[in-house]
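Trainee: here you go, sequence then predicted model.
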Protein chains: 2
Amino acid sequence: MAYKSDIEIAREARKKPIQQIGDRLGIPAEHLLPYGHDKAKVGQAFIDSVQDRPNGKLILVTAINPTPAGEGKTTTTVGLGDGLNRIGKKAVICIREASLGPNFGMKGGAAGGGMAQVVPMEDMNLHFTGDFHAITSAHSLLAAMIDNHIYWGNELDIDIRRVAWRRVVDMNDRALRQITCSLGGVANGFPRETGFDITVASEVMAILCLAKNLKDLETRLGDMIVAYRRDKTPVYCRDIGAEGAMTVLLKDAMQPNLVQTLENNPAFVHGGPFANIAHGCNSVIATTTALKIADYVVTEAGFGADLGAEKFMDIKCRKAGLRPDAVVIVATVRAMKMNGGVAKANLGTENVDAVKAGCANLGRHVENMQKFGVPAVVGINHFVTDTEAEVQAIRDYCAGLGVEAILNKHWAEGGAGIEATARKVVELCEGGTADYRPLYPDEMSLADKIEAICKGIYRADGVQIDGKIRAQLKEWEEQGYGNLPVCMAKTQYSFTTDPNRRGAPTGFEIPVREVRLSAGAGFVVAICGEIMTMPGLPKVPAANSIRLNDAGQIEGLF
Amino acid sequence: MAYKSDIEIAREARKKPIQQIGDRLGIPAEHLLPYGHDKAKVGQAFIDSVQDRPNGKLILVTAINPTPAGEGKTTTTVGLGDGLNRIGKKAVICIREASLGPNFGMKGGAAGGGMAQVVPMEDMNLHFTGDFHAITSAHSLLAAMIDNHIYWGNELDIDIRRVAWRRVVDMNDRALRQITCSLGGVANGFPRETGFDITVASEVMAILCLAKNLKDLETRLGDMIVAYRRDKTPVYCRDIGAEGAMTVLLKDAMQPNLVQTLENNPAFVHGGPFANIAHGCNSVIATTTALKIADYVVTEAGFGADLGAEKFMDIKCRKAGLRPDAVVIVATVRAMKMNGGVAKANLGTENVDAVKAGCANLGRHVENMQKFGVPAVVGINHFVTDTEAEVQAIRDYCAGLGVEAILNKHWAEGGAGIEATARKVVELCEGGTADYRPLYPDEMSLADKIEAICKGIYRADGVQIDGKIRAQLKEWEEQGYGNLPVCMAKTQYSFTTDPNRRGAPTGFEIPVREVRLSAGAGFVVAICGEIMTMPGLPKVPAANSIRLNDAGQIEGLF
């Protein structure tokens, strides 16, 4: 059986005018700012007008640790949204926007796959509605204003060796990772070392995704630490006076983007913070708006449940006052086999024992979700090579944990292939068993919070935090940042810091190499391993084959 | 009498839905891609469908050399468009887009002023439809791909000291003018010197504005010279394989943006190349499309007629096959007085003799336009301090040159205040006297072309081009670039290279300091004086006062 590619399916989509999609959510056309005929931003006045409504139910889609076999978290999120709509529920999907730059390195990521996709896929992988460009602009303005302040006399007494605010570009450009700027003499300023990160790593991105509204956005931008003086006291964005102009640059970017699934169901695609040095979730404003206008909101978080779901619960939900009602944990037979020790080349062969062995990874994530007080269901994302015995092995394993595992065929069948899971999710949401609680209280010390995650979620024996880092955490606590949550930056491939240790490892510790304060976003980043904030292009970048063909279609992007 | 500010007037505009504006031009709604309710891009399929239609008449609005007194070239362009529509003609305005970055240095430029404005003014000074962001992305991709090529083995044998392709950002950031990149060790590449220009200075911008269609765009992008080898042979964008992906990034940016005037008449606002190192006109695709769907197209060119109109005639019209039918030369009583030696502080006092003396500047521009074979009218942009005697002095002077000068009050009255000029323009267009010819033929040598402009337009006694520069020009001629037009980069404030020499100076030479080849855009730049391609921010940047007020309005941008 030959399958169509994602892009072929996406191009055949019978899209409805975006006004019709908005109309189903009760958004009047005048409050829907169109970008072309198939994308729109939801106006602030409409968002303000729905604030007094009750919230719908919130469902998080998360997953086992990612493997090269692929899991299909976004595909499940999109499929589940379609499935809920199919069984008569008013459901909205909330997912992240894609970063432009990386698509020119490796072939671009679709939004979902198969029959469970969000469209227009090409736009979403290019400029979309310009949100990331606005973030780049706002970030760049602050950077220019800092150096401009130094140039004109440095009244704030910034130590030019301690400018913390780097620059950003939405492109994989390793040559900009580390630079010396302000060369060329008096007219160009004071030479100093700095560098560029990719736009999604900007604290502005994290803030845009956590801010409740434009006022909150401006306050948080002002709170960002951009440099230090020789006495190590911080200089804030507010001291530079940039937060007002940055907010102006971001005012449209703050409005959620509405698009549709292949089955013409509404999807908010908004925001895209890094999932390591930031929290990796779509915007709070999209999620909270969706909860006001839909009965069910399906969203996802970056990476596996150990990183993504933990940050969703401990950062996004805590900060935004969200209370999730159900969790879907995505697993695949293939990924279970990889976790059970099978090499990628052999994934096509039935191996029930490997599935059983690999289920330990899934099991730990299932247990973890229970720690947040939210009921879960396991969604097995079906692949054509799966055998009934393999699927049954996962079902049996989950039954032993008291959790139902349901086989989903949304990739091949769209919403019709995931109706059983949709019904189960409704049952969990309406059952009233959800009692969301974050893993640790605000009052816990920063070091203890790190330890709570490492022991409670990763199952490490302990945490290694050296004296210098402990002193830094202590200092931030004294400055009033002790109540912030922590944001773990660690490999997504393992519960440990070794990406090769699959399954459910035990007998390891988590070394914290560095900590960073994102004072505007409102979290302390604990870096455990190599974190790359500016990717490079491969030897033969995808850009070499990307072009418009004679029919005006984009080739090579997917 | 108290006047409202431009932004107050703009905010009170009774904008019509952009579909209604498109409808008047016969653009079906499905071919109009909306960006919000008041901006749209004209679809490529529609543009293709009108190619066989006859062209309307093309009117260029240009001006005397700019002075601090202000001239009102864009205001006249907008007013004339409204005036033509008022007298029953189907007219479209074509102007340039504004660059985002500089608005955060000095207060932003409106699109026109008073009652002769294009709206939505705020959007047009911020992200608008994202065209400049797309240009930044395309430029950045090529930059990343060049360093990536070097990183992975440098098969093309690029001399890293001779990478000609700098980077760009749409922000006034002097710290990036000169940098050392690829620092930090083996993983980040080979350290080398480079720097950033502002986005409007990118050759990609010039190409977007000169390309006839997407195919032509791709070819021209491929033609750009991005680096040289040790033997000084050029490396093209095509060698890097970036032109296809750049075209994909630019496909929407190539489509003209439709907005409206305060009087609800259609305006294309598209493209914005630098007026010194590039040709300073709006896009060819906007102008040629407008000519197919309107009977009169009013456009403008950057700076005064010596730079702007000359480049419009010798670069844009020559390359795009345009044949302008009439020219409006904008002058003001105040600017004539400044050209006549009056200081800015004294411009409010009647001084007929100074007006008469200053008219020499206007007169030279009038004569120059005749060299292109296009009939002209002088448009006096009225200021409230003008006296009748001063205005009459300009009228009399122009009558002596055989050119009519008409007083225009569009700033205060909109299209109604410029009807006489509109009627005169129609008369000139329909009179059939226009016989456009460029100043010099393609076959002339590059050095001779420079001399032709300096002597013919600036009235210099001669040109200083040293042996090294002459050798460079010779080399380009041998490489097949001899047929390109030249693009002069010179101060806009004077016919000479000294910005303080107003009026109609004689007895000077033009020194050419440097020449650059824009092989993709298709011109050779002759740099005569200091040209800044990356501005800085002032000590107190406008950004410090830009913010959203409680009503959600932008303060401080204008």
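Mentor: That came in fine, so what should we check first?

Trainee: quick one: contacts for the nearest residue to residue A:451 once chain neighbours are set aside?
Mentor: The shortest distance from residue A:451 to any non-neighbouring residue, by C-beta to C-beta, 6 or more residues apart in numbering or on different chains, is to residue A:463 (4.8 Å). The C-beta positions use only the backbone N, C-alpha and C, and glycine is treated the same way. Each residue near residue A:463 by C-beta atoms under 8 Å, 6 or more residues apart in numbering or on different chains is listed here: A:447, A:450, A:451, A:454, A:455, A:509, A:510, A:511, A:512.

Trainee: checking the first one next. Helix, strand or coil?
Mentor: Meaning residue A:447. Classification of residue A:447 by DSSP: H, G, I helix; E, B strand; the rest coil places it in helix.

Trainee: ok, it to chain B distance?
Mentor: 30 Å (C-beta to the nearest C-beta, to the nearest Å).

Trainee: then the second one?
Mentor: Between residue A:450 and chain B the distance is 28 Å, computed by C-beta to the nearest C-beta.

Trainee: name the SS class of the residue in the stretch 101-250 of chain A that chain B sits nearest to, please.
Mentor: Closest approach between the stretch 101-250 of chain A and chain B, counting by C-beta to the nearest C-beta: residue A:244, at 3.0 Å. Classification of residue A:244 by three-state DSSP places it in helix.

Trainee: gap between residue A:505 and residue A:353?
Mentor: 19 Å (C-beta to C-beta, to the nearest Å).

Trainee: mind checking which of these two has more residues around it?
Mentor: Legend: neighbour count by other C-beta atoms under 10 Å in any protein chain shown for residue A:505 and residue A:353, higher for residue A:505 (17 against 13).

Trainee: kindly list the main-chain dihedrals of that one?
Mentor: phi -60, psi 150 (degrees, to the nearest 10).

Trainee: what ranges does the stretch 201-350 of chain A have for its strands?
Mentor: In the stretch 201-350 of chain A, the segments counted as strands under DSSP state E, counting those that start in this stretch are A:225-229, A:234-236, A:257-261, A:266-269, A:296-300, A:326-331.

Trainee: so which of these comes closest to residue B:20?
Mentor: strand A:257-261 (23.8 Å; C-beta to C-beta).

Trainee: measure residue A:46 to residue A:36 for me?
Mentor: 20 Å.

Trainee: number of residues surrounding the closest residue to residue A:217 other than its chain neighbours?
Mentor: Excluding its sequence neighbours, the residue lying closest to residue A:217 (C-beta to C-beta, 6+ apart) is residue A:211, at 3.9 Å. Residues contacting residue A:211 under the criterion other C-beta under 10 Å number 27.

Trainee: could you save the contacts of residue A:463 as JSON lines and add columns showing neighbour count and distance to residue B:181?
Mentor: Below are the contacts of residue A:463 laid out as JSON lines (neighbours: other C-beta atoms under 10 Å in any protein chain shown; distance: C-beta to C-beta, whole Å):
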{"residue": "A:447", "neighbour count": "19", "distance to residue B:181": "38"}
{"residue": "A:450", "neighbour count": "24", "distance to residue B:181": "35"}
{"residue": "A:451", "neighbour count": "20", "distance to residue B:181": "40"}
{"residue": "A:454", "neighbour count": "28", "distance to residue B:181": "37"}
{"residue": "A:455", "neighbour count": "15", "distance to residue B:181": "43"}
{"residue": "A:509", "neighbour count": "14", "distance to residue B:181": "38"}
{"residue": "A:510", "neighbour count": "24", "distance to residue B:181": "35"}
{"residue": "A:511", "neighbour count": "16", "distance to residue B:181": "32"}
{"residue": "A:512", "neighbour count": "25", "distance to residue B:181": "31"}
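
Trainee: which among those gets closest to residue B:339?
Mentor: Lowest distance from residue B:339 to these (C-beta to C-beta) belongs to residue A:512, with 69.0 Å.

Trainee: quick one: residue A:528 and residue A:497 touch, right?
Mentor: Yes - using C-beta atoms under 8 Å, residue A:528 is in contact with residue A:497, at 5.1 Å.

Trainee: mutual contacts of those two, please.
Mentor: Contact with both residue A:528 and residue A:497 is made by residues A:490, A:510, A:511, according to C-beta under 8 Å, 6+ apart.

Trainee: tell me how far the nearest residue to residue A:504 once chain neighbours are set aside lies from chain B.
Mentor: Nearest residue to residue A:504 in three dimensions, chain neighbours excluded: residue A:360, at 3.8 Å (C-beta to C-beta, 6+ apart). According to C-beta to the nearest C-beta, residue A:360 and chain B sit 35 Å apart.

Trainee: same question, residue A:271
Mentor: Distance of residue A:271 to chain B, given as C-beta to the nearest C-beta: 17 Å.

Trainee: surely that residue touches residue A:282?
Mentor: Yes - counting by C-beta under 8 Å, residue A:271 sits close enough to residue A:282 to count as a contact (5.1 Å).

Trainee: what is the neighbour count of residue A:313?
Mentor: Using other C-beta under 10 Å, residue A:313 has 29 other residues around it.

Trainee: ok, now which ones touch residue A:241?
Mentor: Residue A:241 makes contacts with A:145, B:543, B:544, as judged by C-beta under 8 Å, 6+ apart.

Trainee: tell me the confidence at it?
Mentor: Note on residue A:241: pLDDT of 98.

Trainee: now it. Its backbone dihedrals?
Mentor: Main-chain dihedrals, residue A:241, degrees, to the nearest 10: phi 80, psi 30.

Trainee: how about residue A:158?
Mentor: Note on residue A:158: its backbone torsions stand at phi -70, psi 130 [degrees, to the nearest 10].

Trainee: would CSV of the strands of the stretch 201-350 of chain A with mean pLDDT be doable?
Mentor: Shown next, in CSV, are those (pLDDT from 0 to 100):
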stretch, mean pLDDT
strand A:225-229, 98
strand A:234-236, 97
strand A:257-261, 98
strand A:266-269, 98
strand A:296-300, 98
strand A:326-331, 98
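
Trainee: any idea which of these gets closest to residue B:431?
Mentor: Within those, the stretch nearest residue B:431 is strand A:257-261; the backing value is 52.2 Å (C-beta to C-beta).

Trainee: adjacent strands (with direction) for that closest one?
Mentor: strand A:40-42 (antiparallel), strand A:116-119 (antiparallel), strand A:266-269 (antiparallel) (DSSP bridges).
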